[in-house]
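In: Pasted the sequence and its predicted model underneath.
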Amino acid sequence: MLPEHENIYTIPNMLTMTRLISAPVIGFLILKHKIWLSFGLFAYSSVTDFIDGYIARKYNMKSVVGSVIDPMADKMLMVICTGCLAMIGQMPMYLAVIILGRDGLLALSAIYYRYISLPPPKTFARYWDFSIPSAQVYPTTISKYNTLFQMVYVAGEVIRPAMITLVDPQVIPMVDTGFQCFGAFVGLTTILSGLSYVFSKDAVKILTKK
């Protein structure tokens, strides 16, 4: 039996909420070129992403809302960091377009699935009441890897200006080439990740009362 409401005030969900809140702060720090502060907060978001998932599995604190806001926090972090890094010229524009375009399409899909799966009455207040479970998201395998690759790439781009000052000037071209190659790889996995949601039959499960 699917409960009409579920407990959303769990430790994993609270950690996820701190990640949601920290995302715009990280973007602001990137725009202000606060390299180590932005990297530190980004590292916090990455670590808590692992911790909240571990706690949810270990102590049976999984929830429908957690399955939604956890990838939402990941995507918000990636979208904000990608946009800010592109604005300051730290990330190639083509890669920013791929990442933001893919996440934009997934966001529209999430809005659609939330609406069609929400039990009646379909009111505005109930739509945004995430304690009412309606659909559950199951990230595809390539999507999980892509999230990791994006986090590593974005973290590297955040600290690259500081990294370059610490290495031999002769090594800088190699570092730049490495970032370019890894960026192209991230772009490819991002495209494959988006396609995996289109062709997977198990990525979204609509929950219905029985």
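Out: Looks like it arrived, so ask away. Given the structure is predicted, the values throughout are model-derived calculations rather than measurements. Residues are numbered from 1 along each chain as shown.

In: which intervals of the protein have sub-threshold pLDDT?
Out: By pLDDT under 70, the low-scoring segments of the chain are 1-7, 64, 130-131, 133, 207-210.

In: quick one: buried residues of the longest helix seen in it?
Out: Counting residues, the longest helix found in the chain (DSSP state H) is helix 172-199. Counting neighbours by 16 or more other Cβ atoms under 10 Å, one finds that the buried residues in helix 172-199 are 179, 183, 186-187, 189-191, 193-194, 196-197. Every residue, glycine included, has its C-beta placed from N, CA and C.

In: what's the offset of the host helix or strand of residue 39 from the middle of its chain?
Out: Using DSSP states H and E, residue 39 sits within helix 35-58. The chain centroid and the centroid of helix 35-58 are separated by 12 Å under Cα atoms, centre = their mean, to the nearest Å.

In: What residues of it count as buried?
Out: Applying 16+ other Cβ under 10 Å to helix 35-58 flags 35, 37-39, 41-42, 45-46, 48-49, 52-53, 55-56 as buried.

In: other SSEs contacting the longest helix of the chain?
Out: Contact here means 3 or more Cβ pairs under 8 Å, 6 or more residues apart in numbering; DSSP states H and E; on that basis helix 172-199 packs against helix 93-117, helix 141-166.

In: Name the residues of the last one that are buried.
Out: Read it as helix 141-166. Here helix 141-166 shows 142-143, 146-147, 149-151, 153-160 as buried, counting by 16+ other Cβ under 10 Å.

In: One more: the shortest one?
Out: Taking 16+ other Cβ under 10 Å as the neighbour-count basis, helix 93-117 is seen to contain the buried residues 95-96, 98-100, 102-103, 106, 110, 113-114, 117.

In: now, among these, which is nearest to residue 173?
Out: residue 95 (19.5 Å; Cβ to Cβ).

In: Would you mind measuring from residue 37 to residue 70?
Out: Using Cβ to Cβ, to the nearest Å, residue 37 is found at 25 Å from residue 70.

In: What of residue 139?
Out: Residue 139 sits 9 Å away from residue 70, taking Cβ to Cβ as the criterion.

In: Looking at these two, which one has more neighbours?
Out: Remark: of residue 139 and residue 70, residue 70 carries more neighbours, 24 against 19, as counted by other Cβ atoms under 10 Å.

In: sorry, back to before: could you tell me the angle between the helix holding residue 39 and helix 141-166?
Out: Going by axes from the mean of the first three to the mean of the last three Cα atoms, to 10 degrees, helix 35-58 is angled at 150 degrees with respect to helix 141-166.

In: Show me what helix 35-58 is packed up against.
Out: So helix 35-58, by 3+ Cβ pairs under 8 Å, 6+ apart, packs with helix 11-31, helix 64-87, helix 141-166.

In: contacting residues around stretch 170-185?
Out: Here stretch 170-185 makes contact (Cβ atoms under 8 Å, 6 or more residues apart in numbering) with 91-92, 95, 149, 152-153, 156-157, 160, 163-164, 167.

In: same thing with stretch 144-153?
Out: Here stretch 144-153 makes contact (Cβ under 8 Å, 6+ apart) with 46, 71, 74, 77-78, 99, 139, 179, 182-183, 185-186, 189-190, 192-193.

In: In terms of helix, strand or coil, where does residue 136 fall?
Out: Taken by DSSP: H, G, I helix; E, B strand; the rest coil, the conformation at residue 136 corresponds to strand.
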